[in-house]
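Chemist: Quick one: sequence and predicted model below, then my questions.
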Amino acid sequence: MIEIENLSKAFTLHNQGGATIRVMEGANLSVQKGECVALVGASGAGKSTLMRMIYGNYLAEHGSIRVGRTVVTDASPRDILTMRRDVLGYVSQFLRVVPRVPTLDVVAEPLLAVGTPRDLARDRAAELLERLNIPQTLWGLSPTTFSGGEQQRVNIARGFTHDYPALLLDEPTASLDATNRAVVLDLIGAAKARGAAIVGIFHDEAARDQVCDREIDVTAFTPVRAA
Ligand SMILES: Nc1ncnc2c1ncn2[C@@H]1O[C@H](COP(=O)(O)OP(=O)(O)OP(=O)(O)O)[C@@H](O)[C@H]1O
């Protein structure tokens with residue numbers, strides 16, 4: 001479902017004399033349907049960079065990334081948006097929303113985007129918010145003023161409303177209490193069971209062991225730096 005071949009990446013810092021930082025070379029990764037792969041490796045090894053490249057946020061220097069039928073490394077911006085709507089969900093660590101949109105609509109939005117009738121989308125959103133213990137009194141409010149943990153749970157609910165065939169998860173259990181952490185691990189397990197291909201960063205080792213089938217150490221793709 002997700003195929004990465006011989007991927008490399010360098011950042012050019014235009015505002016710092018055009019310095020170039022090589023962060024990845026010869027990265028390969030294949031994630032099948034129903035499989036969860038954890039990206040591991042030291043801080044700065046390139047885990048987030050790889051996730052952002054899969055999502056089409058960062059351009060590749062060489063190599064290819066395919067998600068379903070989309071060749072991300074060759075896709076037009078329009079094709080990337082279609083992929084993000086239909087195929088690839090991304091639960092980032094931080095919630096970014098349009099101000100003043102009520103939480104229930106924030107969570108229902110990915111389903112509305114794929115043509116789900118409003119009532120059904122809102123029912124599914126409500127079900128997830130309830131499972132993630134967001135009090136019903138908050139559903140009509142914008143999540144911008146919510147606590148860090150509440151915002152993270154809204155983000156997770158939003159990432160799991162539509163049954164994306166593939167998912168990127170960036171620290172999905174980071175600031176959660178034990179009860180909500182267990183709910184999130186159940187959601188991940190259920191997504192795998194319905195065939196989602198998942199790539200995640202989990203500093204929570206126990207969570208990683210519970211839901212991930214294997215680990216990929218991205219340090220193996222870090223270019224050897226000249227001394
Ligand atoms: N937008 C950017 N511009 C320049 N350099 C960047 C950019 N994003 C990441 N880097 C560099 O790429 C390298 C990899 O960073 P990345 O955030 O992918 O690491 P990570 O493995 O996710 O680290 P952590 O576990 O600390 O989050 C770092 O050296 C970082 O400085």
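Modeler: Perfect, I can see it now.

Chemist: hey, let's count contacts and neighbours off CA atoms from now on
Modeler: Noted.

Chemist: where exactly do the strands run in this structure?
Modeler: 2-13, 19-31, 36-40, 62-67, 70-71, 88-91, 166-170, 197-201, 214-217 (DSSP state E).

Chemist: okay if I get those strands as a markdown table plus mean neighbour count?
Modeler: Shown next, in a markdown table, are the strands of the chain (neighbours: other Cα atoms under 10 Å):
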| stretch | mean neighbour count |
| --- | --- |
| strand 2-13 | 18 |
| strand 19-31 | 17 |
| strand 36-40 | 23 |
| strand 62-67 | 19 |
| strand 70-71 | 18 |
| strand 88-91 | 24 |
| strand 166-170 | 24 |
| strand 197-201 | 25 |
| strand 214-217 | 16 |
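
Chemist: Out of these, which is closest to residue 112?
Modeler: Of all the strands of the chain, strand 88-91 sits nearest to residue 112, with 14.3 Å by Cα to Cα.

Chemist: Centre of the chain to that closest one, how far?
Modeler: Relative to its parent chain, strand 88-91 has a centroid offset of 4 Å by Cα atoms, centre = their mean, to the nearest Å.

Chemist: That strand - which strands sit beside it in the sheet, and in what orientation?
Modeler: strand 166-170 (parallel) (DSSP bridges).

Chemist: how near is residue 12 to residue 85?
Modeler: Here residue 12 is placed at a distance of 30 Å from residue 85 (Cα to Cα, to the nearest Å).

Chemist: what is the mean pLDDT for the longest helix seen in the chain?
Modeler: Ranked by number of residues, the top helix in the chain under DSSP state H is helix 178-193. When pLDDT is averaged over helix 178-193, the result is 96.

Chemist: Also stretch 41-58?
Modeler: 94.

Chemist: Can you give me the end-to-end span of that stretch?
Modeler: Termini of stretch 41-58 sit 20 Å apart (Cα to Cα).

Chemist: If we go by neighbour counts, what in it is buried?
Modeler: If you call a residue buried by 16 or more other Cα atoms under 10 Å, then stretch 41-58 has these buried ones: 41, 45-47, 49-51, 53-56.

Chemist: Kindly indicate which of the residues you listed lies nearest residue 66.
Modeler: Closest to residue 66, out of all of the buried residues of stretch 41-58 and judged by Cα to Cα, is residue 54, at 8.1 Å.
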